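J.: got a sequence here, can you build the structure:
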Amino acid sequence: NEFNNNQYPYPARPRDQWLLGLGAGYSRIFGDVDGRPGFGGSISLRKALSHVWSIRGEYVGSFNSGLDYRRRTGGTGPWAAYGNQGYFANYQTRTHQGSIEAVASLNTISNYRGNPKSDVYVFAGYALIAADVNVDARNANGGLYNFSSVPAGGSRADIRSALKDNILDGTYEQNAFVANGSRTPIGRINDNWLLRHAATFGAGYTRKVSKTLSLGVEQRFTLPFDDDFDGIASGQSNDFISFTSIKAGINICSQSKRVAPLWQINPNNFIYNELNNPKHMKLPKPVLPDADGDGVTDQFDLEPSTPAGAPVDTHGVSRDSDGDGVPDFKDKELLTPQSCFPVNADGVGNCPEPACCKELREKIANYKPASECALTSLASVQFRANTATLSKDAQAVLATVAQQLNANPTCKVKVVGYGATDKRAQQLSYDHVNAVIKHLVEKQGISESRFIFSYGQDGDINTVDLLPTTEEGPSTVPAPFPNLKKAK
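T.: All right, here's what the predicted structure looks like:
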């Protein structure tokens with residue numbers, strides 16, 4: 001609640017489910033006597049401490065056996081009676097071990113994906129083992145076996161075959177010898193079961209099948225620091241148990257109240273979801289100041305102090321239609337030919353003015369419209385190449401134009417589009433003018449009768465100029481080449 005109310009900066013750790021694990025597979029004891037393939041099973045319960053670390057309690061039971069191919073002499077315990085006659089060591093061992101282990105998931109955290117579908121992990125911990133180790137050292141009558149028929153120098157397979165088929169009866173009737181008696185610190189249970197401390201470690205891989213089930217494999221090693229698990233206590237090295245299993249994991253606890261175990265969840269999910277769709281962040285309301293009122297916000301305005309009413313481009317820079325270095329709002333000759341460059345401070349070129357133009361200019365200067373219009377200029381609209389769709393910048397410019405028109409109800413606007421080189425250019429010029437008028441009428445509420453439709457003029461095809469006027473003219477005209485209309 002504190003996090004949701006912005007009183008605490010971090011979200012609470014979610015409650016997650018426990019994992020019930022069931023496993024079965026191949027078990028084998030590595031020691032002084034050659035181990036034979038055995039089998040085992042396990043059941044475990046795992047709980048996350050974080051997205052990487054978790055703790056697991058596990059029970060593993062196994063059944064193992066071994067039969068040596070080497071003839072030994074000078075045995076102890078059940079083998080002592082054979083003396084120099086020699087014997088072939090064997091054993092049958094049942095184990096029960098309970099362990100508690102720390103588990104580390106290696107691929108939980110990632111910056112480039114969602115929840116992991118697989119879990120690669122390592123583990124290590126402490127185990128307590130109870131083991132019943134028995135040997136087959138006597139025949140059915142309680143006497144010693146006669147190993148004289150075992151072929152000397154034979155192959156391992158031949159020796160083991162002779163022992164199993166013709167000599168040993170497989171009863172495993174005696175407890176194996178334990179070095180130093182009960183072997184402190186734990187000893188035996190009822191003079192039969194060995195009880196030992198042990199270390200466990202290993203690694204595993206699981207793959208998520210559904211929200212509830214995962215499947216995988218695990219390799220586990222158990223080191224009891226003891227030499228008594230294979231029936232021979234040579235004292236040369238300690239025995240250890242290998243258990244390779246196929247494991248099934250089942251997520252338990254209510255799914256409505258708990259999320260999946262944390263090692264199945266990428267902890268970066270919350271951060272990325274919040275960035276993509278903010279629900280908790282305090283976002284300031286956007287402020288879009290436009291100090292010079294040219295329709296381009298200060299954040300993007302490259303000329304933030306343009307004089308009021310001066311036509312600008314989409315970057316807020318004063319337009320210079322003829323490129324003579326004098327902006328249009330100061331230029332008294334808007335389209336000076338380049339042959340007349342350089343120009344004076346008023347943008348007038350150095351070419352002599354033709355008599356006809358001088359007369360026309362004087363008439364224009366002395367012209368008095370029937371009703372005055374206070375507007376002297378309006379911003380131009382820029383289109384992206386080969387499109388008739390108004391960009392967000394263009395719509396912002398037209399919003400400013402609408403404000404100026406609403407403040408000057410006596411003014412009309414001549415909307416001029418350029419493009420006269422061919423049929424496609426003329427149609428695109430028409431589409432540009434039509435898009436501007438339509439937007440001002442439908443989106444800004446300006447009367448259609450205040451516009452004069454003009455297209456197909458010589459000039460920049462991607463520009464539409466809006467010229468204040470009190471003239472009369474049509475607000476709409478037929479499309480010149482409707483079959484070439486540009487699709488939006």
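
J.: what's the helix or strand for Leu405?
T.: When secondary structure is defined by DSSP states H and E, Leu405 falls within helix 392-407.

J.: buried residues in that helix?
T.: In terms of neighbour count (16 or more other CB atoms under 10 Å), helix 392-407 has its buried residues at Asp393, Ala394, Ala396, Val397, Leu398, Thr400, Val401, Ala402, Gln404, Leu405. For glycine as for every other residue, the C-beta is placed from the backbone atoms N, C-alpha and C.

J.: got a list of what Gly66 touches?
T.: Gly66 makes contacts with Ile29, Gly31, Val33, Asp34, Gly35, Arg36, Ala89, Asn90, Tyr91, Asp230, Gly231, as judged by CB atoms under 8 Å, 6 or more residues apart in numbering.

J.: at 6 Å what do you get?
T.: Contact analysis of Gly66 by CB atoms under 6 Å, 6 or more residues apart in numbering lists Val33, Asp34, Gly35, Arg36, Tyr91, Asp230.

J.: and what of Gln427?
T.: Contacts were defined as CB under 6 Å, 6+ apart; by that measure Gln427 touches Pro480, Phe481, Leu484.

J.: and the helix holding Leu405, how far from the chain's centre?
T.: Offset of helix 392-407 from its chain centre (CA atoms, centre = their mean, to the nearest Å): 42 Å.

J.: repeat for stretch 195-210
T.: Stretch 195-210 has its average C-alpha position 28 Å from the chain's average C-alpha position, going by CA atoms, centre = their mean.

J.: and stretch 437-446, by the same measure?
T.: For stretch 437-446 - counting by CA atoms, centre = their mean - the centre lies 44 Å from the chain centre.

J.: what residues sit buried inside it?
T.: Neighbour-count burial for stretch 437-446, counted by 16+ other CB under 10 Å, picks out Ile437, His439, Leu440, Val441, Ile446.

J.: can you check stretch 417-432 too?
T.: Residues Gly417, Tyr418, Gly419, Ala425, Gln426, Gln427, Leu428, Ser429, Tyr430, Asp431, His432 are the ones in stretch 417-432 that count as buried (16+ other CB under 10 Å).

J.: could I get those residues as JSON lines with pLDDT?
T.: Compiled in JSON lines, the buried residues of stretch 417-432 are given as follows (pLDDT from 0 to 100):
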{"residue": "Gly417", "pLDDT": "94"}
{"residue": "Tyr418", "pLDDT": "94"}
{"residue": "Gly419", "pLDDT": "89"}
{"residue": "Ala425", "pLDDT": "92"}
{"residue": "Gln426", "pLDDT": "92"}
{"residue": "Gln427", "pLDDT": "92"}
{"residue": "Leu428", "pLDDT": "93"}
{"residue": "Ser429", "pLDDT": "94"}
{"residue": "Tyr430", "pLDDT": "94"}
{"residue": "Asp431", "pLDDT": "94"}
{"residue": "His432", "pLDDT": "94"}
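
J.: pick out whichever of those sits closest to Leu288.
T.: His432 (25.6 Å; CB to CB).

J.: quick check: closest non-adjacent residue to that closest one.
T.: If you skip the residues right next to it in sequence, His432 has Gly417 as its closest partner in space, 4.5 Å away by CB to CB, 6 or more residues apart in numbering.

J.: that neighbour and Val120: what is the separation?
T.: Distance check for Gly417 against Val120: by CB to CB, to the nearest Å, it reads 64 Å.

J.: and for Leu168?
T.: Distance check for Leu168 against Val120: by CB to CB, it reads 44 Å.

J.: before I go, just wanted to say thanks for your time.
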